[in-house]
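[1] Just need the structure, nothing else, for what follows:
(2 chains)
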Amino acid sequence: MASVAAWLPFARAAAIGWVPLAKNPLPPPPFRVPTSGASPSGNDRRCDEKIIINVSGRRFECWRSTLEKYPDSLLGSNEKEFFYDEDTREYFFDRDPDVFRVILNFYRTGKLHYPKHECIAAYDEELAFFGILPDIIGDCCYEDYRDRKRENNERLIDDRLHEDEDKAQPKPQSIRETMWRAFENPQVSTMASVFYYVTGFFIAVSVIANVLDTVSCGTDPETGYARTCGERFSRQFFCLDTACVMIFTVEYFLRLYAAPDRLKFIRSVMSVIDVVAIMPYYIGLFMHQKGEVSGAFVTLRVFRVFRIFKFSRHSQGLRVLGYTLKSCASELGFLLFSLTMAIIIFATVMYYAEKSVVHTKFTSIPAAFWYTIVTMTTLGYGDIVPKTWAGKIVGGVCSLSGVLVIALPVPVIVSNFSRIYHQSQRADKMKAQRKARQTRIRLARNATSNAFVAAKRRHEQYLDDPDIPVDKNIVNPFELQHHHLLRCLELTTDREFVEMGPDALMGGGANAVAGAHPTTGIARLGSPARQFILNRRKWWCCGDRMNNTNATTNEEELDEELGDFQLPLSLTPRASGSTGHIVNINTTNVIQHRPSSASVQHNVVLHSTISESSTNRFDLNVPFDTDDRILGRRKTNSLTPVQEQGSTNDLLNDDSHTTTIPTSHSDIIHRPTTDDKQTV
Amino acid sequence: MDEYSSSVCYTDFDDDGLETFKRYKPRSLDELASRTKFSKKEIQLIYQGFKQECPSGIVNEETFKHIYGQFFPFADTSSYAHLVFATFDLRASGCVTFEDFLLCLSTLCRGSIEDRLRWIFTLYDTKKSGKLTQEDFYVTIRAVYSLLGNVSSPRYDLDTIREHTASVFQRFDKLHHGYITMQDFMSFCLSDQTMVQSIDGLRTTV
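    Just a heads-up that it's a prediction; the model follows:
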């Protein structure tokens, strides 16, 4: 990042403040420093040049360093050399210059915008060509981009669905799956459609039968009273009802059989409706035989009306309505609540206003509720009216306010439907985005830190054995200086930066492996997919951490615990007991991935200062600083090479979460590590 | 390359007065080049980077923190950035203009060893008392440690910092006065050859 590079001199200059405090002498700078303020000439200044990019005739110019900010993209990497035109000494791209302007601005400002007038497909294509991921789009334009993208995808899906109707579907495995697919998607086969229409028909028939059951159908010849069709044609109705219930029962059991997850199916709303629709019949059957409680039996028949809800399987609209009602429950609740308040208030006032009237219908406040409701909803049945002037005035106010109270929330609720629906979708989107973005930031930071540790290790390796072929890729001067700065910080404070990676948890076991494969460890360092992980419980519960027997379970548990922390904590294996050995352990940890013994001295020098000051730090009897959670009394597992996972998981946000230190770390500390002792 | 107009620094107000923002334009390039030890080209480069990060022409403490945050990925940069900011803020106004910035940078990068040691003294002397006490050292060391963040090994805690402070202070305070004056500080540092070398080592070309 060029702008950050511009500040590096400042950061380095300000770092001279550390010098008097440094515990160790600081390393020499990575390049020859010009003495006494002679201003350097142009070429080692920035190694920068202007490059010209010709996009379909429009020329863009920028510094090379601007483009190199994002080395993963086409323009930032060597890939652009494929487009270099020697004759005109420019890079030529036969692409859309308008979109390229936006892309180049991304390099300049670090923010990628989405021009609203562009077609989303064309924009995506350009981004893909130039190797830029769309999720870098800035907040200002991201929603718009996502919405357009979604619409476009839906259009594509619709197109594809129409295509798919002609294509053959993959054959499902079993009868069960066929049936389930048939139930869920009636267009799949003719059999399914037949079933769909048949059940729909019978639902309609059943509902109509319920309705006609109660129509009066002439008089009863025996008693002379009017009787309903249900009584007159009771046998026919009974047969019809039985047939419908048969069909519904069979359908229910078929669905139950076909469902992939039966428990879930039983708990689903439609299944409950099915059961409620057919239960009254069976209950009626048994109760009819017993011949008692016919009143309850009649009540149960009311539940037959629930059969109409079975239509919601047939109607998308009903399902959407149900969903929106559910999601607007709070608004509806508020409406109900405010109405209730108003009703109670007005009913009370009406009751006391009309109390003096003789033979008043307002016999009690609950009796006045009915009046209030009818008035507020502007129904005005007229069965109960105020007679006093006060009552009439109150009645007037009641009806006026009723109009307001009811009319106002309704549009609010209606708009709430759409707002809430969109909002919930957007909230989920943004949460996922935010997580992803935090992940990226974390990974980037991680990568910076790990790059430093890697470079350091490479350098040390090189120092130990200059014969080892060193990777020839030249580190750019910015990185050199940045790493030098970090190294100065390390030496000032006598600490070392550690890598983050899954190895941090794999802990002691990895140590044993480390000594054998230093280079492979380093080679894997370049992987971008590191993650912060922390599995706090692992430290204390798995005693075999040293032997790395729980490597696989660590990984699994990682996934579930990623939600908790994001700080890496790793524990160095300790020798038993005496603090005097602790220095050795440190050095052995460091040593273990050195190939030669010549490095021992190097590290001993480095860590020798730890020994004096470390004694009280590792004194187990000293209580923890529970208030300062960031500074834990743990030693980290420094420089353990990597056993990478390669998978990215979601990470959490801020640095402020740290772990509290369990009290049983003494177990870890006292555990002997035979591997360590050998290398010492 | 841009040429700077030789206008005086002024405060800019937005048209509708809703948002006022301060904008500083530095004095001319020539003047800056004459006042500092940088060449014109270097000043141009520094200004370009500066302007990129702070388009308004002034740096505030937040920006310092942000910048340090980019170099020390896991650090809690607020304390150290605060210290450094205090030294850059020559007029104690709460914001650092480009000129202040350039002047300090000139001292740090191109100044004599004495100037730089003086700057370090100012950095430590948070209370501007002219003397350094153990408390000042503690604050500074704590700030430096916080730059490490949590990714260091071995971990540190307040005790570590205190010990470090104590050992450093003892090294400086040979006469056990309990405080260190500028003279003591400078003479001690100048006598320590490794220190001088290290300070030189952190000189950076722009």
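[2] in the chain, which spans are strands?
    In the absence of a named chain, chain A is used. A:50-55, A:58-63, A:84-85, A:90-93, A:216-219, A:226-228, A:496-497 (DSSP state E).
[3] actually it's chain B I care about, not the one you picked
    B:12-13, B:20-21, B:58-59, B:96-97, B:131-132, B:152-153, B:180-181.
[4] which residues does A:Ile266 contact?
    A:Leu256 (CB atoms under 8 Å, 6 or more residues apart in numbering or on different chains). To be clear about C-beta, it is placed using only N, CA and C from the backbone, and glycine gets the same treatment.
[5] Check what pLDDT it gets.
    Per-residue confidence (pLDDT) for A:Ile266: 89.
[6] Look up phi and psi at the residue of the stretch 451-600 of chain A at minimum distance from chain B.
    Of all residues in the stretch 451-600 of chain A, A:Arg495 sits closest to chain B, with a separation of 3.8 Å (CB to the nearest CB). As for A:Arg495, its main-chain torsions (degrees, to the nearest 10) stand at phi -130, psi 170.
[7] do B:Ala75 as well
    phi -80, psi 160.
[8] For the residue of chain B found nearest chain A, give me the pLDDT.
    Chain A sits closest to B:Gly49 of chain B, with a gap of 2.1 Å, by CB to the nearest CB. B:Gly49 is assigned a pLDDT of 77 by the prediction.
[9] same question, B:Ser93
    For B:Ser93, pLDDT reads 79.
[10] residues touching it, list them.
    The contact partners of B:Ser93, by CB under 8 Å, 6+ apart, come to none.
[11] Can stretch B:109-118 be said to contact chain A?
    Yes: using CB under 8 Å from any CB of the partner chain, we find that stretch B:109-118 touches chain A at B:109-110, B:116.
[12] Leaving out sequence neighbours, find the closest residue to the most centrally placed residue in chain B.
    For chain B, the residue nearest the mean C-alpha position is B:Val84 (3.5 Å; CA atoms, centre = their mean). Spatial nearest neighbour of B:Val84, chain neighbours left out: A:Ala14 (4.8 Å); criterion: CB to CB, 6 or more residues apart in numbering or on different chains.
[13] one step back: quick one: the residue of the stretch 451-600 of chain A closest to chain B and A:Ile51, what's the gap?
    To A:Ile51, A:Arg495 is 41 Å away according to CB to CB, to the nearest Å.
[14] Looking at the two, which one has more neighbours?
    A:Arg495 (22 against 18; other CB atoms under 10 Å in any protein chain shown).
[15] picking up where we left off before, burial of the residue of chain B closest to chain A, as a residue count?
    Per other CB under 10 Å, the neighbour tally for B:Gly49 reads 20.
[16] Check A:Thr223 too.
    For A:Thr223, using other CB under 10 Å, the count is 8.
[17] same check, this time on A:Met341
    11.
[18] next one: A:Ala454
    Neighbour tally, A:Ala454, other CB under 10 Å: 20.
[19] What pLDDT does the model give it?
    82.
[20] And it, how close does it get to A:Asp494?
    Counting by CB to CB - A:Ala454 and A:Asp494 are separated by 21 Å.
[21] quick one: which of the strands of chain B has the weakest pLDDT on average?
    strand B:12-13 (a mean of 44).
[22] For residue 38, give me the pLDDT.
    No chain was given, so I picked chain A. pLDDT, A:Ala38: 41.
[23] Chain B, not that one
    So, for B:Phe38, pLDDT stands at 81.
[24] The nearest residue to it once chain neighbours are set aside: what's it in contact with?
    Excluding its sequence neighbours, the residue lying closest to B:Phe38 (CB to CB, 6+ apart) is B:Ser106, at 5.9 Å. Neighbour list for B:Ser106: B:35-38 [criterion: CB under 8 Å, 6+ apart].
[25] Of those residues, which belong to helices?
    B:Arg35 (DSSP state H).
[26] Can you tell me which of the contacts of B:Ser106 are buried?
    B:36-38 (16 or more other CB atoms under 10 Å in any protein chain shown).
[27] Export stretch A:83-99 to PDB, keeping only CA atoms.
    Coordinates of each C-alpha in stretch A:83-99 appear next as PDB, following Å, rounded to 0.1, in the frame of the first residue of the first chain:
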ATOM      1  CA  PHE A  83      -0.900  -7.200 -22.100                       C
ATOM      2  CA  TYR A  84       2.200  -5.100 -22.500                       C
ATOM      3  CA  ASP A  85       2.600  -3.600 -25.900                       C
ATOM      4  CA  GLU A  86       6.300  -3.100 -26.600                       C
ATOM      5  CA  ASP A  87       5.900  -0.700 -29.400                       C
ATOM      6  CA  THR A  88       3.800   1.800 -27.600                       C
ATOM      7  CA  ARG A  89       5.200   0.900 -24.200                       C
ATOM      8  CA  GLU A  90       1.800   0.700 -22.600                       C
ATOM      9  CA  TYR A  91      -0.600  -1.900 -21.400                       C
ATOM     10  CA  PHE A  92      -3.500  -2.400 -23.700                       C
ATOM     11  CA  PHE A  93      -6.800  -3.900 -22.600                       C
ATOM     12  CA  ASP A  94      -9.600  -4.300 -25.000                       C
ATOM     13  CA  ARG A  95     -12.300  -3.800 -22.400                       C
ATOM     14  CA  ASP A  96     -14.800  -1.300 -21.200                       C
ATOM     15  CA  PRO A  97     -13.100   1.900 -20.300                       C
ATOM     16  CA  ASP A  98     -16.000   3.200 -18.100                       C
ATOM     17  CA  VAL A  99     -15.800   0.200 -15.800                       C
END
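[28] Show me where chain B has its helices.
    Listed in chain order, the helices of chain B (DSSP H) span B:29-35, B:40-53, B:61-71, B:78-88, B:98-110, B:113-124, B:134-146, B:158-172, B:182-191, B:193-201.
[29] whoops, I mixed them up, the stretch 1-150 of chain A
    Shown for the stretch 1-150 of chain A, the helices assigned by DSSP state H, counting those that start in this stretch span residues A:2-14, A:64-67, A:97-109, A:120-129, A:139-164.
[30] so which of the ones you listed comes closest to B:Pro26?
    helix A:2-14 (15.6 Å; CB to CB).
[31] If you tally nearby residues, what's the number for A:Ala182?
    Neighbours of A:Ala182 (other CB under 10 Å): 21.
[32] Next: A:Ala128.
    12.
[33] That one and chain B, how far apart?
    Here A:Ala128 is placed at a distance of 28 Å from chain B (CB to the nearest CB, to the nearest Å).
[34] ok, now A:Leu318?
    A:Leu318 is 50 Å from chain B, by CB to the nearest CB.
[35] ok, now how distant is the closest residue to B:Gln134 other than its chain neighbours from A:Pro20?
    Of all residues not flanking B:Gln134 in the chain, B:Phe169 sits nearest, at 4.7 Å (CB to CB, 6+ apart). Remark: distance between B:Phe169 and A:Pro20 (CB to CB) = 10 Å.
[36] Which of the two has more residues huddled nearby?
    A:Pro20 (25 against 21).
[37] so that one touches B:Thr165, yeah?
    No: with contact defined as CB atoms under 8 Å, A:Pro20 does not count as touching B:Thr165 (11.9 Å).
[38] Can you give the domain ranges for the chain?
    Going with chain A. Following the TED database, one gets these domains for chain A: A:50-167, A:175-314, A:325-439.
[39] look at chain B instead
    As given by the TED database, the domain ranges for chain B are B:27-110, B:113-205.
[40] do you know which of the ones you listed lies nearest A:Ser364?
    Closest of those to A:Ser364 is domain B:27-110, at 67.0 Å (criterion: CB to CB).
[41] end-to-end on the closest one?
    In domain B:27-110, first residue to last residue: 21 Å (CA to CA, to the nearest Å).
[42] starting at the chain centroid, how far to it?
    Relative to its chain's centre, domain B:27-110 lies at 8 Å (CA atoms, centre = their mean, to the nearest Å).
[43] B:Glu62: neighbour count?
    Neighbours around B:Glu62, by other CB under 10 Å: 11.
[44] and if you look at the one 5 residues further on?
    Per other CB under 10 Å, the neighbour tally for B:Ile67 reads 24.
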